[in-house]
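>>> attaching a predicted model along with its sequence, questions to come.
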Amino acid sequence: MSAVIAFIGLGHMGGPMAANLVKAGHRVVGHDLVPEALKTAVAAGVEAAPSAGAAAAEADVVLTMLPAGRHVLALYQDEGLLAAARPGTLFVDCSTIDVADARTAHEAAVAAGHRAVDAPVSGGVMGAEAGTLTFMVGGDDAAFAQAEPLLAAMGKKAVHCGAAGAGQAAKICNNMILGVSMIAVSEAFVLGESLGLSHQALFDVASTASGQCWALSVNCPVPGPVPGSPANRDYRPGFAAPLMAKDLGLAANAVRAGGVDAELGLRAAALYAAFAEGDGAAEDFSGIVRAIRDRSGQQLADDKRDH
């Protein structure tokens, strides 16, 4: 059954997601503060709205994909998105934000007479374009059931993780695993280089042994072994390093707030924060292998000078 969907935030992720909803037969009315993003979405069949509130006013579902929790809360409350929507509208926030902000947004939506779920995604821009995203969803059973057919139009899997905020909790835990594993894989390749081991040999062993993981087999950080990985495109982003830094920062905040002993998660957050602020600002998160290689070369040079 088709729905009228307001889609707010039509950037690198939101734009392709909105386009897939159009392909699935839904009427999508969109808004973005960046004119070029809105223009691209319109070319894919999205109807342009002059404001987020105008888009929401005629929608059955309001879907948001925004940079941070403060943007979601400001849009929902200060900018009147909740007030603009008809009572009983389903709000689906696909942004990756702090768990506490997700719960606050959910509470505000319910208080305004709506249903709500948090539904952050995994799969990056390529997954958004291909419609193969995984959604991690927090909210009650009825809201999840209402959202699930729409999520199926944009992804391959939607997992109901629990009550409000549980989707965001699952997302930051998953990406902490991913960030730590990418650093480990990158360090192993740099170590292999220092030992005279070819990239292909290490890949052939680790990808079929106990070192196998997504960061190695799908998003391999060195060119060659996995032709589709960003390493073969000079690290042009599939999942940009600043987004990984953001997600790991959210995980680090939760680690500290919960008193969790997560040394690797905190270290990964620090490494990606530094990488994203420097050479990695426009690179895929797998590009951190080059930072590790550069630091390793500097350390080797320092050791030679010391001796």
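Right, received. Where do you want to start? No experiment lies behind these values; they were computed from the predicted model shown. Numbers count the residues shown, from 1 in each chain.

>>> for the spatially closest residue to S122 that is not a sequence neighbour, give me its contacts.
Nearest residue to S122, sequence neighbours excluded (C-beta to C-beta, 6 or more residues apart in numbering): T134, at 4.6 Å. Yep, even glycine has a C-beta here, placed from its N, CA and C like the rest. By C-beta atoms under 8 Å, 6 or more residues apart in numbering, the contact set of T134 is 121-123, 127, 155-159.

>>> just the ones of the residues you listed in strands?
Among the contacts of T134, the ones falling in strands (DSSP state E) are 121-122, 155-159.

>>> show me what the residue nearest to S122 is bridged to.
S122, K157 (DSSP bridges).

>>> low pLDDT regions in this protein?
299-307 (pLDDT under 70).

>>> now do the helices in it.
14-23, 35-43, 52-57, 69-73, 81-84, 99-111, 124-130, 141-154, 166-194, 199-206, 214-217, 241-258, 263-277, 288-306 (DSSP state H).

>>> including neighbour count and distance to I172, could the ones in strands among the contacts of T134 go into a markdown table?
Below are the ones in strands among the contacts of T134 laid out as a markdown table (neighbours: other C-beta atoms under 10 Å; distance: C-beta to C-beta, whole Å):
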| residue | neighbour count | distance to I172 |
| --- | --- | --- |
| V121 | 23 | 13 |
| S122 | 19 | 11 |
| G155 | 23 | 18 |
| K156 | 14 | 21 |
| K157 | 13 | 18 |
| A158 | 23 | 18 |
| V159 | 15 | 15 |
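
>>> nearest to G138, of those residues?
V159 (10.2 Å; C-beta to C-beta).

>>> against V121, how distant is the residue nearest to M126 when sequence neighbours are not counted?
Take M126 and drop its neighbours on the chain: the residue closest to it by C-beta to C-beta, 6+ apart is G238, 5.2 Å away. Applying C-beta to C-beta, to the nearest Å, the value for G238 to V121 is 13 Å.

>>> do you know how far G45 is from A57?
20 Å.

>>> just give me the neighbour total for the closest residue to A59 other than its chain neighbours.
With sequence-adjacent residues excluded and distances taken as C-beta to C-beta, 6+ apart, A59 is closest to A6, at 3.8 Å. Applying other C-beta atoms under 10 Å, we find 30 residues neighbouring A6.

>>> can you start the count at 53 instead of 1 from here on
All right, first residue 53 from here; so that's A58.

>>> wouldn't A58 be in contact with A107 here?
Yes - counting by C-beta atoms under 8 Å, A58 does reach A107; the two are 3.8 Å apart.
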